[in-house]
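Engineer: Curious how this folds, go ahead:
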Amino acid sequence: MLGRFEVVGVDGQPAVFRSRKVGCLHAFLCLNLGRPISNHTLKELLWPDSDGDRQSQSLRRAITDLRDALETNTSRGRLVHTESGSVALDEDAIDFDVRQFESLLKCAVDSEDYLVRAAEALALYAGPITAPLEDDWVYPYRRQYEEEYCAAVEQFCSALIAHGQAAQAVRIANTALHVAPLREEPFIASIRAYAASGNASMALRQFETLEQMLDDNFGQTPSERAFAALDGEPPSGIVERRSEVPESGGAIPAESRFYVRREADEQMEAALDADEGVLIVFGPRQVGKTSLLAQVADYAREQGRQVAVTDFQSLSSSEIGRVVPLYHSLLHSLATQLDVDYPPSWNEWVGPNSNLNNLIADVLKRTPHRVVWAMDEVDRLFGSDYSDDFFGLIRSWYNRRALDPAGPWRKLTIAISYATEAHLFIKDMSQSPFNVGVRVNLQDFTLAEVEDLARRYGDSTHKHAGDVYAITHGHPFLTRRALGYLDGGHAINSLVQIAGSDEGPFGDHLRRLKEAVHRDPETLAEVRRVLGGEGTGDPAVRRRLVSAGVLLETGPGSWTFRVPVYEAYLQRVLG
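Structural biologist: Here you go, the predicted model:
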């Protein structure tokens, strides 16, 4: 099932299914091996557009065909069980690669046979699960096993490096890049493996490819782990780290000593203490929204809450292109993270929102704990055909906390982050979650916060905190880059001279900014108007530039660049 869909019967011969639906039935039962699935669930999942009688007839035929494909006359009824209005496969008589994959990955990293078992597990993964099938129910499982595979690749390569097998780690990581080209973990594994083998140029090339991939597909920057891999730092959990590396980009882990607490942290924690139903974090790109959500999640866990995290930037186009695959993915991810079994049924007669509403309510009823569901980068859904419906559903969950205090919604808090102004895309803000609960507008670092961060790098760097603030205006990503540059032994005069050049510590960031501006003619024209000092322009485009973290609105009709170096750099490269 991993990268293909092939079945062998008890007689050792390839099984041939009479229809694609029979294959879908077999795949779904395998992924829920040993768990009886109700006839109702299977009918709604596989034949959502048919009426009840036709669904029942189709299911009976599919079960018969499945038995014909898998069983012999002497084994009739042994593999496919139909009892009490449900269907299940005999888990003792069925074996398949996903089951082996999960079993092999349970081996502890410090066990003697870890390297052998992990290698066997990774060799089983040949691509997305049930690759030929594109039914809506497939995507959550596909995402789940891809995440498990990529995490295993990074861990296995780190273990190989720790055992002096960097060349083997390079091979494994680069194979994974072909299998999962839009995941960060294989890139990190490859970068770390090349660095460990002494090939710094290839490590840098892989890092730059990762930067390009993340920016092109998700508008993101590499995580702290990617920067640490490029610096040659071994990962925590495999071998002891020599020292903690100051993070230069991506989200800051909750436990990092380089995380700077701001007023927003206190606001969010107070909102959790008050058991608010909706927490909103908004601000421009690279201001620290994801890092703040990580802190919120960590604080919630300390309170004894269960936490689930959905990063909308990491969802594939197949998952967000239509509402039903998205809702399947959200439901599966939430239930999996909360460790709750749920009935994966779907009733086409009541619509996507009603399905998701009923199933999420069922998941919440099955957990005794309060739940925080963190939704990062939800603006990826803005402008979609279903965005008003989805955000309207979240608003209804918030309202029902008050209308039904004894119901399941009382235990749910949703924390949302976004960069784009919601009112530009949401038709009726009164039917959305964006004007209720607690709203936190995350801003760039203040001078005091830059000084606080610089102090953690040591006295030689801390004394230049004011100079760094003058260059970055507190932009969190650039501030960390600048402090890291100084901490690496460079002089403040050197930073001042090359801050706006392609060769400086901000070079890759500035090049991506230039490419983003050039990508859209309207954006390019508006940036040129701002560079020319024109006070008026297209308000909609300028708001997009504010959301993207390029401009600041300093007053009604007044705009400036968020960071001085942006203006100098764009003035030079745009002529």
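Engineer: Could I get the buried residue list for stretch 28-47?
Structural biologist: Residues of stretch 28-47 classed as buried under the neighbour-count rule (16 or more other Cβ atoms under 10 Å) are 28-33, 36-37, 39-47. In this view, the C-beta of every residue, glycine as well, is placed from N, C-alpha and C.
Engineer: and if you look at stretch 217-231?
Structural biologist: 218-231.
Engineer: show me the residues around the residue nearest to His163 when sequence neighbours are not counted that make contact.
Structural biologist: Closest residue to His163 apart from its sequence neighbours, by Cβ to Cβ, 6 or more residues apart in numbering: Leu115 at 7.0 Å. Neighbouring residues of Leu115 by Cβ atoms under 8 Å, 6 or more residues apart in numbering: 156, 159-160, 163.
Engineer: hang on, the earlier thing: among the buried residues of stretch 28-47, which are located in helices?
Structural biologist: Counted as lying in helices by DSSP state H, out of the buried residues of stretch 28-47, are 28-31, 39-46.
Engineer: can you give me the helices for the stretch 101-250 of the chain?
Structural biologist: Secondary structure of the stretch 101-250 of the chain (DSSP state H, counting those that start in this stretch): helices located at 114-124, 138-162, 166-179, 184-196, 200-218, 224-230.
Engineer: pull the CA atoms of the first one into CSV?
Structural biologist: Listed next in CSV are the C-alpha coordinates belonging to helix 114-124 (Å, rounded to 0.1, in the frame of the first residue of the first chain):
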residue,chain,number,x,y,z
TYR,A,114,17.5,-0.1,15.7
LEU,A,115,19.6,0.6,12.6
VAL,A,116,18.5,-2.7,11.0
ARG,A,117,14.8,-2.3,11.8
ALA,A,118,14.7,1.4,10.9
ALA,A,119,16.3,0.6,7.5
GLU,A,120,13.7,-2.1,6.9
ALA,A,121,10.9,0.3,7.7
LEU,A,122,12.2,3.1,5.4
ALA,A,123,12.7,0.6,2.6
LEU,A,124,9.0,-0.3,2.8
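Engineer: model confidence over it, on average?
Structural biologist: Mean pLDDT, computed over helix 114-124, is 93.
Engineer: relative orientation of it and helix 166-179 in degrees?
Structural biologist: Angle, helix 114-124 to helix 166-179, by axes from the mean of the first three to the mean of the last three Cα atoms, to 10 degrees: 30 degrees.
Engineer: For helix 114-124, list every residue counted as buried.
Structural biologist: So, applying 16+ other Cβ under 10 Å, buried residues of helix 114-124: 114-115, 117-118, 120-122, 124.
Engineer: Which of those sits closest to Arg61?
Structural biologist: Leu124 (32.3 Å; Cβ to Cβ).
Engineer: and the closest one, what does it touch?
Structural biologist: By Cβ under 8 Å, 6+ apart, Leu124 lies in contact with 2, 97, 100-101, 104.
Engineer: distance of it from Ala335?
Structural biologist: Note on Leu124: its distance to Ala335, by Cβ to Cβ, to the nearest Å, is 25 Å.
Engineer: Just the buried ones from the contacts of Leu124?
Structural biologist: The buried subset of the contacts of Leu124 (16+ other Cβ under 10 Å) comprises 2, 97, 101, 104.
Engineer: now, which of those residues lie within strands?
Structural biologist: Secondary structure assignment by DSSP state E places none of those in strands.
Engineer: quick one: low-confidence parts of the stretch 301-450 of the chain?
Structural biologist: Scanning the stretch 301-450 of the chain for pLDDT under 70 picks out the ranges 420-430.
Engineer: again, only this time at 90
Structural biologist: 312-322, 324-325, 341-351, 377, 379-380, 382-384, 405, 418-436 (pLDDT under 90).
Engineer: Are we agreed that Thr310 is in a helix?
Structural biologist: No: Thr310 is assigned strand when assessed by DSSP: H, G, I helix; E, B strand; the rest coil, not a helix.
Engineer: Beta-bridge partners for the residue nearest to it when sequence neighbours are not counted, please?
Structural biologist: Take Thr310 and drop its neighbours on the chain: the residue closest to it by Cβ to Cβ, 6+ apart is Met375, 5.1 Å away. Taking DSSP bridges as the rule, Met375 bridges to Thr310, Ile416.
Engineer: Wait, Met375 touches Leu412, no?
Structural biologist: No: between Met375 and Leu412 there is no contact under Cβ atoms under 8 Å: 11.9 Å.
Engineer: if we can go back for a sec, just the closest of the ones in helices among the buried residues of stretch 28-47 to Glu146, please.
Structural biologist: Distance ranking of these against Glu146, using Cβ to Cβ, places Leu31 first at 14.0 Å.
Engineer: Now for that closest one: which residues touch it?
Structural biologist: For Leu31, the contacting residues are 1, 98, 129, 141, by Cβ under 8 Å, 6+ apart.
Engineer: list the helices and strands the lowest-mean-pLDDT helix or strand in the chain packs on?
Structural biologist: Lowest mean confidence among the helices and strands of the chain (mean pLDDT, DSSP states H and E): helix 224-230, at a mean of 80. Counting contacts by 3 or more Cβ pairs under 8 Å, 6 or more residues apart in numbering; DSSP states H and E, helix 224-230 is packed against helix 184-196, helix 200-218.
Engineer: Can you get me a residue count around Val296?
Structural biologist: Using other Cβ atoms under 10 Å, Val296 is surrounded by 26 other residues.
Engineer: The one 10 residues further on now?
Structural biologist: When neighbours are counted by other Cβ under 10 Å, Gln306 registers 19.
Engineer: And Ala274, by the same measure?
Structural biologist: With other Cβ under 10 Å as criterion, Ala274 counts 8.
Engineer: and this protein, what are its domains?
Structural biologist: Using automatic domain parsing, the domain ranges for the chain come out as 20-89, 98-230, 263-441, 500-573.
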